[in-house]
Every structure is written in structure tokens, then in C-alpha cells.
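**Q** Provide a 3D model corresponding to the input given below.
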Amino acid sequence: MSDLQEQVQDLINGLVQSGSEDGLQVAVYRRGELLVDAVAGDATLISTDQDAARPVAPDTLFWSASTGKAVTSTLLHVLVEQGVLDYSTPIAAWWPEFGAHGKGGATLRHLLTHSVGVPAIPADTTIEQLADWQYMTAVIADSRPWWVPGEPVGYHAVTFGFIAGEIVRRATGQPLPQILLDRITGPLGVADELYFSVPGADLGRVARQVADPAGTAVFGTLPADWPLFQTAPRALFPNAEYANRRDLLTADIPYSATGSARAFARMYAALLDSVDGVRLVGPERLAQLSELSTTGPDRMTGGPSSWALGYSAGLPWQAAPRDHPSTFGMVGVGGSAAFANRATGVSIAVTKNRFNPVSINAVELVNDLVSGAL
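**A** Residues are numbered from 1 along each chain as shown. Below is the predicted model:
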């Protein structure tokens with residue numbers, strides 16, 4: 001066991017022993033090499049009795065909320081690298097229906113910077129409709145923009161994945177899971193560890209999310225008129241119950257993803273460098289996708305935002321990308337995160353089953369430890 005592996009293992013063991021976490025995974029790559037693949041704690045699994053806890057394994061799958069947006073963004077960049085897509089092309093060039101109601105000028109770049117102007121789904125959308133790809137893409141295509149595409153930035157919490165996924169489907173003529181398999185997870189050897197829609201046979205490896213009462217209580221104090229709450233029915237805002245629904249886990253809803261920490265970290269590692277002979281994009285594309293693209297107030301969250309192309313710029317939980325200008329990644333609302341630093345060649349991922357929408361304490365502790373060690 002390497003010294004860093006041992007240090008991370010001690011850290012996450014302590015988080016479990018203190019009661020602040022139930023089960024979690026940490027993976028760290030540096031310049032294509034896996035340095036840390038650590039697990040701690042227990043999880044119950046989606047397809048088993050809720051009381052039957054078992055130790056977290058390296059291939060246990062965790063629903064990871066918007067950490068998965070980076071998988072969707074990476075897929076778009078891979079397709080740009082391969083000449084299938086282009087950042088400046090209007091979305092309607094691939095998906096004509098999307099041009100309705102003045103959205104014809106919205107480009108792929110606008111989507112990747114969350115400025116495309118379509119942040120909301122209908123207020124009466126049901127869980128069943130959310131899991132219906134044809135319904136969701138038709139509704140989004142026919143929606144009226146909240147602003148002129150490319151002007152304000154506003155987090156597209158739900159719509160981002162559907163818009164990106166439909167672009168991919170239209171441009172390639174193939175279903176989203178197949179493209180993910182062909183272009184990312186298959187070449188990287190993590191075909192059974194990173195999914196938009198989890199195959200039924202793999203639900204037995206998905207960790208059941210457990211609500212953290214403290215985090216849920218804080219999230220519940222947000223005002224009802226918070227702009228982000230106007231973008232989807234409150235029943236569709238992620239929580240532990242939402243994350244454990246089989247119909248959602250097995251549907252393509254690519255503003256989230258389900259996977260292992262080592263799969264998320266390996267994907268970022270293959271953006272930075274070659275991983276076992278596989279590199280997802282070249283150095284020029286890496287510079288384009290990871291550099292700060294937009295910054296300023298976010299119309300949906302009311303707070304500051306800093307976006308690269310499809311990833312948060314800087315450390316994902318900090319508002320000042322200038323402090324970490326080489327870092328890009330995404331945080332998930334339940335407390336997972338994955339990110340990479342192109343200067344150091346390090347990528348880090350943390351996945352977990354204690355669902356806390358306002359805390360990423362485990363992620364910050366892991367990052368501080370790894371940054372200090374490397």
C-alpha cells in the first residue's frame with residue numbers, strides 16, 4: 001500500500017467512525033496512474049433488503065447527481081475532438097425543433113456555459129415524464145427561452161443533460177448509452193462502472209442513498225421563491241428518496257450519472273493524459289474545455305458562478321477560480337464530486353451514500369490531503 005493510499009484510507013475510515021459518513025469511495029490519478037483506490041464503510045444496495053448493509057467495494061455504484069454533468073460534457077468534447085460536433089454550431093442544426101420560439105441562435109458553447117436560456121421544465125412535470133426521453137426533449141425543444149441565448153448565465157440543473165443528450169443522439173444517430181460506451185467507458189475499461197442509465201442487472205451494485213437530516217433541514221430553509229426552485233417541481237429536486245428510485249436509476253437522465261469513484265477519476269485522468277494508451281482529447285482541446293469561459297452572478301442560484309466549458313472552473317466548491325486556475329470539475333448535490341488539475345495532472349473523485357445537499361466536507365478533506373501530499 002502506498003503512503004498516499006494509506007493516508008486517504010485513514011482519513012475516510014475516520015469519517016465513517018465519527019459518524020459523519022456511512023460509506024464512501026475515493027480515487028486519485030496522477031498523469032495516467034491510479035494512486036488511490038480507497039473505500040470505507042457500508043452500504044445497502046438498491047436490489048436488496050434495506051437492512052442488509054455490506055462493505056462498500058471499489059466497484060459499488062453511487063448515484064452522483066450533477067457530478068455526472070461532467071460525464072455528459074466530456075462526451076460532447078470527445079465528439080467535438082472527433083469532428084462530429086462543433087462548439088459554434090447552433091443546436092438547431094442537429095435538432096431543428098429546438099430552434100422554436102427564438103432559440104435558433106443558441107449554440108453548443110452556450111449550452112456548455114449554461115447560458116443557452118432554457119433552464120426550466122414545466123411546473124407540472126411528473127417523475128414518470130422525467131424518465132420519458134421523448135417527452136422531455138419535445139417539451140424542452142418547444143419551450144420559450146428565459147433570456148436571449150448567450151447573455152446571462154443561469155444554471156441549467158435539469159435541462160442541461162437532456163439538451164446535450166439529444167444533440168448527441170441527433171448527431172450520431174445512436175442512443176446515448178451506446179455512445180457513452182463506445183466513446184468513453186468502453187475504451188477506458190469502465191463500461192460496468194459508469195452509467196447514465198443503470199442496466200437492471202447492475203442495480204444490485206448501486207448503493208442506496210441515506211438522507212442526512214442536518215443537510216436536509218438546511219436545504220429546506222431556502223425561500224420558496226429561490227429562482228432555482230422555479231425551474232422544476234419541488235418533487236423533482238434530488239434527495240435520497242429520489243436517488244433510490246429504480247425508474248430514475250434505469251432511465252437516461254444525463255444531468256446526473258451513477259458510477260464508482262475510480263471510473264469518474266479515470267475519465268478525468270484520460271482528459272489530462274493517456275491512461276493505459278487511451279486519451280480522450282488532445283492538449284489543445286483540453287486547454288479549450290478547462291479554461292475559464294464565463295464568470296459572474298448566476299441567474300438561477302443567485303450566487304457567483306465560474307464556468308469552463310461544461311465544468312465548474314476552479315475548485316468546484318469555491319467561487320474564485322483565480323485561486324485554482326488549472327482545476328475544473330463538478331460537484332453533486334448529495335456531496336459527491338470529481339475534478340482535475342491540468343497543471344499537476346491529478347484527478348480526484350469522491351462518491352458516497354450519505355446524501356447531504358449542503359455539505360462536501362469529505363471532498364474538501366480529501367482534496368486538502370492529496371494536494372498536500374502531491
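
**Q** so where does I12 fall, helix or strand?
**A** helix 3-17 (DSSP states H and E).

**Q** hmm, who's touching that helix?
**A** Helix 3-17 is contacted from outside by 1, 21-24, 26, 28, 35-41, 362, 365-366, 369-370, 373-374, using C-beta atoms under 8 Å, 6 or more residues apart in numbering. Placement of C-beta: from N, CA and C, glycine included.

**Q** report the contact partners of D124.
**A** For D124, the contact set (C-beta under 8 Å, 6+ apart) comprises P233.

**Q** that one in helix, strand or coil?
**A** Of the three states, D124 takes coil according to DSSP: H, G, I helix; E, B strand; the rest coil.

**Q** gap between it and G83?
**A** Going from D124 to G83 by C-beta to C-beta, to the nearest Å gives 40 Å.

**Q** tell me if I'm right that W226 and G302 touch.
**A** Yes - applying C-beta atoms under 8 Å, one finds W226 in contact with G302, separated by 7.1 Å.

**Q** state the mean pLDDT of stretch 298-310.
**A** Mean per-residue pLDDT for stretch 298-310: 92.

**Q** now that stretch: buried residues?
**A** Neighbour-count burial for stretch 298-310, with 16 or more other C-beta atoms under 10 Å as criterion, is recorded at D298, R299, M300, S305, S306, W307, A308, L309, G310.

**Q** format those as TSV; extra columns: distance to A57 and secondary structure.
**A** Output for these, formatted as TSV (distance: C-beta to C-beta, whole Å; DSSP: H, G, I helix; E, B strand; the rest coil):
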residue	distance to A57	secondary structure
D298	37	strand
R299	41	coil
M300	37	coil
S305	36	strand
S306	35	strand
W307	34	strand
A308	32	coil
L309	34	coil
G310	30	coil
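
**Q** out of the residues you listed, who's nearest A70?
**A** G310 (7.0 Å; C-beta to C-beta).

**Q** not counting its neighbours along the chain, what's nearest that closest one?
**A** S73 (2.7 Å; C-beta to C-beta, 6 or more residues apart in numbering).

**Q** mind listing what that neighbour touches?
**A** Applying C-beta under 8 Å, 6+ apart, we find S73 in contact with L112, A164, L289, L309, G310, Y311.

**Q** follow-up on the earlier one: and the helix or strand just after the helix holding I12 with helix 3-17, angle?
**A** For helix 3-17, the following helix or strand on the C-terminal side (DSSP H and E) is strand 23-30. Strand 23-30 and helix 3-17 meet at an angle of 160 degrees, taking axes from the mean of the first three to the mean of the last three C-alpha atoms, to 10 degrees as the criterion.

**Q** any idea how far the nearest residue to P145 once chain neighbours are set aside lies from G296?
**A** Distance criterion C-beta to C-beta, 6+ apart; nearest residue to P145, sequence neighbours excluded, is G117 at 3.6 Å. Counting by C-beta to C-beta, the gap from G117 to G296 is 15 Å.

**Q** and E151, its phi and psi?
**A** Main-chain torsions, E151, degrees, to the nearest 10: phi -90, psi -100.

**Q** could you find the closest non-adjacent residue to it?
**A** Closest to E151 by C-beta to C-beta, 6+ apart is S115, at 6.7 Å.

**Q** ok, that neighbour touching W146?
**A** No - when contacts are counted by C-beta under 8 Å, S115 is not listed as touching W146 (10.7 Å).

**Q** mutual contacts of these two, please.
**A** Shared contacts of S115 and W146, counting by C-beta under 8 Å, 6+ apart, come down to G154.

**Q** ok, the two, which is more surrounded?
**A** S115 (24 against 18; other C-beta atoms under 10 Å).

**Q** for the chain, which segments count as strands?
**A** With DSSP state E as the criterion, the chain has strands at 23-30, 33-43, 54-55, 62-63, 194-195, 210-211, 258-259, 294-297, 304-307, 312-313, 327-331, 337-341, 346-352, 354-355.

**Q** make JSON lines out of the ones you listed and add distance to Y155.
**A** JSON lines is the format used below for the strands of the chain (distance: least, C-beta to C-beta, whole Å):
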{"stretch": "strand 23-30", "distance to Y155": "26"}
{"stretch": "strand 33-43", "distance to Y155": "29"}
{"stretch": "strand 54-55", "distance to Y155": "36"}
{"stretch": "strand 62-63", "distance to Y155": "19"}
{"stretch": "strand 194-195", "distance to Y155": "23"}
{"stretch": "strand 210-211", "distance to Y155": "23"}
{"stretch": "strand 258-259", "distance to Y155": "21"}
{"stretch": "strand 294-297", "distance to Y155": "11"}
{"stretch": "strand 304-307", "distance to Y155": "7"}
{"stretch": "strand 312-313", "distance to Y155": "10"}
{"stretch": "strand 327-331", "distance to Y155": "11"}
{"stretch": "strand 337-341", "distance to Y155": "16"}
{"stretch": "strand 346-352", "distance to Y155": "21"}
{"stretch": "strand 354-355", "distance to Y155": "20"}
